[in-house]
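1. curious how this folds, go ahead:
(one chain, ligands or ions: 4)
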Amino acid sequence: MTELHYRTCPFCEATCGLEVETSGREVVSVRGDARDVFSHGYICPKATGLKHLDEDPDRLRIPLVRRAGELVEATWEEAFAEIDRRLPPILAEHGRHAVAVYLGNPNVHNMSGSLYTTVLVRALGSHNVYSASTVDQMPKQVSAGLMFGTMLSVPIPDVDRTDYLLMLGANPLVSNGSLLTAPDIRGRLRALRERGGRLVVVDPVRTRTAQAADEHHFIRPGTDALLLFALVNVLVTDGLTDLGRLSEHTNGVAEVAQLAGDFTPEAVAPACGIDAATIRRLAGELAAAPRAAVYGRIGSCTQEFGTLASWLVDVINVLTGNLDRDGGAMFPLAAAGQRNAQGRRAQGPGGRGKGVRFGRWTSRVRGVPETFGELPVACLAEEIETPGDGQVRALVTIAGNPALSTPDAERLDRALHGLEFVVSVDIYLNETTRHADVVLPVPPPSQRSHYDLAFGQLAVRNVANYSPPIFPVADGMLDEWQTLLRLTAIVAGQGPDADLAALDEFVAKTLLGMEQSVAGSPVAGRDAGELLAALAPRTGPERLLDLLLRAGPYGDHFGARPDGLTLGVLETNPHGVDLGPLRPRIPEVLRTPSGRIELAPEPIVADVPRLLAALSRRSNGGMVLIGRRQLRSNNSWMHNLGPLVRGRDQCTMQVHPDDAVRLGLADGGHAVVTSKAGSVRVPVEVTEDIMTGVVSIPHGWGHHAAGAKMAVAAEHPGVNTNVLADGSQLDPLSGNAVLNGIPVEVAAV
Ligand SMILES: Nc1nc2c(c(=O)[nH]1)N[C@H]1C(S)=C(S)[C@@H](COP(=O)(O)OP(=O)(O)OC[C@H]3O[C@@H](n4cnc5c(=O)[nH]c(N)nc54)[C@H](O)[C@@H]3O)O[C@H]1N2
Ligand SMILES: Nc1nc2c(c(=O)[nH]1)N[C@H]1C(S)=C(S)[C@@H](COP(=O)(O)OP(=O)(O)OC[C@H]3O[C@@H](n4cnc5c(=O)[nH]c(N)nc54)[C@H](O)[C@@H]3O)O[C@H]1N2
Ligand code: SF4
Ligand SMILES: [Mo]
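-> Ligands and ions are numbered 1, 2, ... in the order given. Next up, the predicted model:
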């Protein structure tokens with residue numbers, strides 16, 4: 001007897017609907033759900049990971065505790081007792097900051113990770129909070145926060161309606177989109193071109209997306225901010241700015257116009273490698289298109305001028321009047337948990353808020369400011385290694401693999417080894433978790449529910465889709481949120497046997513209190529006990545999700561709007577609920593203190609001189625390293641799934657034929673790549689598709705660590721490109737690591 005289940009794929013930001021066929025407790029097949037309101041049946045090869053993860057014999061099913069140097073299987077009681085024996089004394093003796101947390105990317109794809117890590121981090125009270133955000137999108141969050149008022153007020157290109165899309169540093173045909181939740185992006189971009197629209201891609205590589213575009217321009221890594229400033233320069237000097245209805249909501253236009261003065265197309269062209277005439281034409285086209293959007297992603301973030309580039313993307317969207325209009329760059333209105341949608345109705349037409357503030361504390365060793373409560377992960381190794389007051393002595397990792405994913409990887413690996421105590425909550429024993437003293441396993445995706453709290457806020461269409469677990473949690477396994485609550489209790493001094501139900505009730509009460517305290521909240525003034533009772537008998541993430549949905553912009557407001565959304569409504573709609581295309585939200589969406597768009601935020605303006613200094617920089621003829629993604633890979637952690645790693649080696653160094661000849665490299669041969677931080681030996685792939693002077697190596701590989709237990713990955717180890725990334729190089733405003741544009745020496749083996 002087989003059964004069909006419908007659920008959202010948890011593996012990337014595209015949130016595709018899956019139709020999962022099961023037999024007993026086995027996944028038989030995974031197909032696209034043709035009735036999914038958003039993805040309409042589209043999937044990519046990673047979707048079958050749902051089945052392979054279930055079956056993977058290396059997937060952890062039992063807690064591990066280090067005894068006499070060896071990780072051995074243990075009961076949950078033993079595991080939590082060990083954590084309680086080791087962690088609280090470190091907190092007591094050395095203070096809260098002595099324990100660091102690292103949160104990895106899959107937390108964002110997991111309700112437990114999204115809702116309960118916050119609780120743990122708050123209970124811990126450490127300044128040493130790190131995440132994959134500072135090797136990813138932190139620059140965009142900083143610029144969006146300063147311009148629009150919250151960390152997720154990120155404008156999303158309205159690809160389904162735009163006439164012109166300028167894309168920098170993104171390859172969505174491979175990544176399936178990021179800060180752009182748009183299942184079947186290939187189809188959406190094809191539709192854009194079929195309706196007469198134009199796609200222009202700017203990338204040091206002629207990627208699959210570039211090949212599917214109308215136009216592609218190679219750009220020297222790290223120079224996007226220069227190109228974008230030159231576009232602003234042309235818009236201003238040629239009188240092409242037209243803010244339309246945005247004018248009355250925008251501060252700082254004159255200041256930006258003045259700042260752009262130095263960045264003429266002629267001035268930036270030699271640094272970017274894009275000629276002045278092309279820059280002028282692109283500016284003209286952006287201004288002339290009825291509806292246009294500029295979109296930048298990881299290539300424009302994880303670089304020296306990440307925040308400036310991220311900011312300028314939206315400056316252009318504003319100056320061309322394309323921000324917040326159909327077919328431009330728009331603000332989604334998610335059904336649950338969106339900060340810039342809280343309390344909006346009673347607040348009247350204009351949004352206004354506290355805005356964002358950075359640097360409430362700084363890192364101990366390098367003095368780098370905190371952003372959104374985190375410190376740059378590139379600082380973690382030095383915080384562990386440097387003795388003194390506030391030294392990091394213990395670490396909790398949750399769904400993260402910083403040993404592969406973050407810069408100066410060899411140094412971090414050594415630092416992790418030197419820690420007094422490490423707890424890891426993870427699916428695998430890998431390059432990072434092998435350093436743990438206690439490893440707490442989690443259920444695979446098939447055994448947990450799913451709702452995309454983050455990606456609903458980043459989607460090209462407003463949708464809400466809840467998936468119940470396909471299977472109950474396996475015997476002997478704990479739900480991830482329960483594990484996180486147990487850890488919370490331990491760091492809060494309540495011990496390993498605290499009353500979890502009471503703690504979970506407290507979490508729900510706190511979240512409700514936060515919802516009710518927002519000015520204009522639809523549940524303000526209501527009796528908290530009554531509202532909590534309305535959520536019964538739900539517990540865990542489901543209770544929190546129901547609360548957020550019901551108090552959200554489409555919610556039933558706990559009976560005040562009986563047709564509104566509840567989790568119950570989503571449960572009866574297994575293919576999702578379509579809430580319609582994006583709609584203009586300015587000024588209501590704004591949460592800046594002024595209630596206006598801040599086009600020239602002071603911290604960003606203060607960083608412009610640094611960019612100005614880069615204008616005169618020229619290539620010295622040396623090579624620079626960038627990264628890339630691959631369709632059948634997902635950062636570092638899906639390489640143990642046979643069907644995804646089968647075939648040709650994916651971890652190669654791409655190099656242009658001219659450079660290959662000059663450097664004596666042969667396709668299929670090997671090269672040694674050396675940077676200030678380290679050196680790797682990698683297979684060579686010669687291709688016309690990369691610009692000269694640039695080599696590309698994907699991240700997430702390097703599965704040869706002793707003590708890891710990923711047999712399939714170990715057969716396809718690849719190399720860890722983050723050995724080459726220099727942890728001292730940060731985008732100063734966001735603390736984001738510079739992972740693209742790293743100077744390297746390349747030599748044939
Ligand atoms: N299949 C697959 N999908 C994924 C992932 C994965 O590992 N595999 N990872 C997921 C995650 S966590 C994320 S954050 C997203 C990222 O999604 P994307 O941002 O689309 O990531 P990439 O595909 O790496 O594309 C980045 C592009 O930037 C280019 N680039 C590098 N340096 C520069 C530069 O200085 N300027 C410009 N203009 N371009 C540059 C690279 O050549 C590359 O083509 O993908 C997600 N989806
Ligand atoms: N050089 C270079 N480095 C990069 C990038 C780059 O472009 N270039 N990209 C960066 C980006 S965008 C990102 S997002 C980071 C990713 O950095 P990380 O988040 O640190 O790394 P991942 O490879 O995503 O590792 C995820 C971990 O979570 C575990 N896991 C998977 N599912 C679950 C789950 O449901 N629960 C729990 N508890 N654990 C789970 C996996 O086993 C793995 O250990 O890498 C970054 N590193
Ligand atoms: S594109 Fe992303 S969400 Fe869609 S099936 Fe592939 S991995 Fe899953
Ligand atoms: Mo990412």
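
2. not counting its neighbours along the chain, what's nearest the residue of the stretch 351-500 of the chain found nearest ligand 3?
-> Going by Cβ to the nearest ligand atom, ligand 3 is nearest to Phe455 of the stretch 351-500 of the chain, at 9.3 Å. Backbone N, C-alpha and C define where each C-beta goes, glycine included. Counting by Cβ to Cβ, 6 or more residues apart in numbering, Thr181 is the residue found nearest to Phe455 once chain neighbours are left out, at 4.3 Å.

3. and for Ser517?
-> Nearest to Ser517 is Ala524, by Cβ to Cβ, 6+ apart, at 7.7 Å.

4. show the contacting residues for the one you found.
-> Contacts for Ala524 were tallied using Cβ atoms under 8 Å, 6 or more residues apart in numbering; they are 343, 346, 516-518.

5. among those residues, which ones are buried?
-> For the contacts of Ala524, a neighbour count by 16 or more other Cβ atoms under 10 Å gives the buried set as 343, 516, 518.

6. phi and psi next, for the last one.
-> The phi and psi values for Val518, taken as degrees, to the nearest 10, are phi -70, psi 130.

7. does it touch Asn340 like I think?
-> No - using Cβ atoms under 8 Å, Val518 is not in contact with Asn340, being 11.0 Å away.

8. tell me the pLDDT at Gly520?
-> Note on Gly520: pLDDT of 86.

9. now it: which helix or strand?
-> Counting by DSSP states H and E, there is no helix or strand that carries Gly520.

10. was I right to think it contacts Gly343?
-> Yes - between Gly520 and Gly343 there is a contact under Cβ under 8 Å: 3.6 Å.

11. run a quick neighbour tally on Tyr505.
-> Quick fix: residue 505 is Glu, not Tyr. Neighbour count for Glu505, taken as other Cβ atoms under 10 Å: 14.

12. show me what the one helix or strand it maps to is packed against.
-> Using DSSP H and E, Glu505 maps to helix 500-517. Using 3 or more Cβ pairs under 8 Å, 6 or more residues apart in numbering; DSSP states H and E, the elements in contact with helix 500-517 are helix 111-124, helix 480-491, helix 528-535, helix 540-551.

13. and the longest one, what does it pack onto?
-> Just to be clear, that refers to helix 111-124. Packing partners of helix 111-124 (3+ Cβ pairs under 8 Å, 6+ apart): strand 99-103, strand 394-398, helix 480-491, helix 500-517, helix 540-551.

14. pull the residues that contact that helix.
-> So helix 111-124 is in contact with 96, 99, 101, 103, 106-108, 129, 373, 396, 398-399, 442, 448-451, 453-454, 479-481, 484-485, 487-488, 491-492, 507, 540-541, 544-545, going by Cβ under 8 Å, 6+ apart.

15. distance to ligand 3 added to the buried ones among the contacts of Ala524, as a markdown table?
-> As requested, those are exported to a markdown table (distance: Cβ to the nearest ligand atom, whole Å):
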| residue | distance to ligand 3 |
| --- | --- |
| Gly343 | 31 |
| Gln516 | 34 |
| Val518 | 31 |
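
16. closest one to ligand 2 out of the residues you listed, please.
-> The closest of the buried ones among the contacts of Ala524 to ligand 2 turns out to be Val518 (Cβ to the nearest ligand atom; 29.4 Å).

17. any idea how far the closest one lies from Gly727?
-> Applying Cβ to Cβ, to the nearest Å, the value for Val518 to Gly727 is 38 Å.

18. just flag the most distant two among the contacts of Ala524.
-> Farthest-apart pair in the contacts of Ala524 is Ala346 and Ser517; separation 13.1 Å (Cβ to Cβ).

19. quick one, which of the helices and strands packed on helix 500-517 is nearest to Arg681?
-> helix 111-124 (35.2 Å).

20. tell me the helix or strand right after the closest one.
-> Scanning forward in sequence from helix 111-124 by DSSP H and E, the next helix or strand is strand 129-131.

21. what is the rounded mean pLDDT of that next one?
-> 98.

22. can you list contacts of it?
-> 100-104, 107, 121, 373-377, 379-380, 400, 402.

23. one step back: which among the contacts of helix 111-124 end up buried?
-> The neighbour count (16+ other Cβ under 10 Å) marks 99, 101, 103, 106-108, 129, 396, 398-399, 442, 448-451, 453-454, 479-481, 484-485, 487-488, 491-492, 507, 540-541, 544-545 as buried among those.

24. which stretches in the stretch 101-250 of the chain count as helices?
-> Secondary structure of the stretch 101-250 of the chain (DSSP state H, counting those that start in this stretch): helices located at 111-124, 138-148, 172-175, 185-194, 208-211, 224-237.

25. re the thing from before, correct me, but the residue nearest to Phe455 touches Leu458?
-> Yes - using Cβ under 8 Å, Thr181 is in contact with Leu458, at 5.0 Å.

26. now the common contact residues for the two.
-> 13, 156.

27. with neighbour numbers in mind, choose between these two.
-> Neighbour comparison, Thr181 and Leu458: the larger count goes to Thr181, with 25 against 22 (by other Cβ under 10 Å).

28. and that one, bridged to which residues?
-> Ala459 (DSSP bridges).

29. for it, give me its contacts.
-> Contacts of Thr181 (Cβ under 8 Å, 6+ apart): 13-15, 156, 452, 455-456, 458-460.

30. and which of these is nearest ligand 2?
-> Lowest distance from ligand 2 to the contacts of Thr181 (Cβ to the nearest ligand atom) belongs to Glu13, with 10.1 Å.

31. distance of the closest one from Gly49?
-> Distance, Glu13 to Gly49, using Cβ to Cβ: 15 Å.

32. which one's more surrounded, those two?
-> Gly49 (24 against 21).

33. wouldn't the more buried one be in contact with His639 here?
-> No - counting by Cβ under 8 Å, Gly49 stays clear of His639, with 10.8 Å between them.

34. what residue in the stretch 51-200 of the chain comes nearest to ligand 2?
-> Per Cβ to the nearest ligand atom, Gly104 is where the stretch 51-200 of the chain lies closest to ligand 2, at 2.8 Å.

35. alright, calling it a day.
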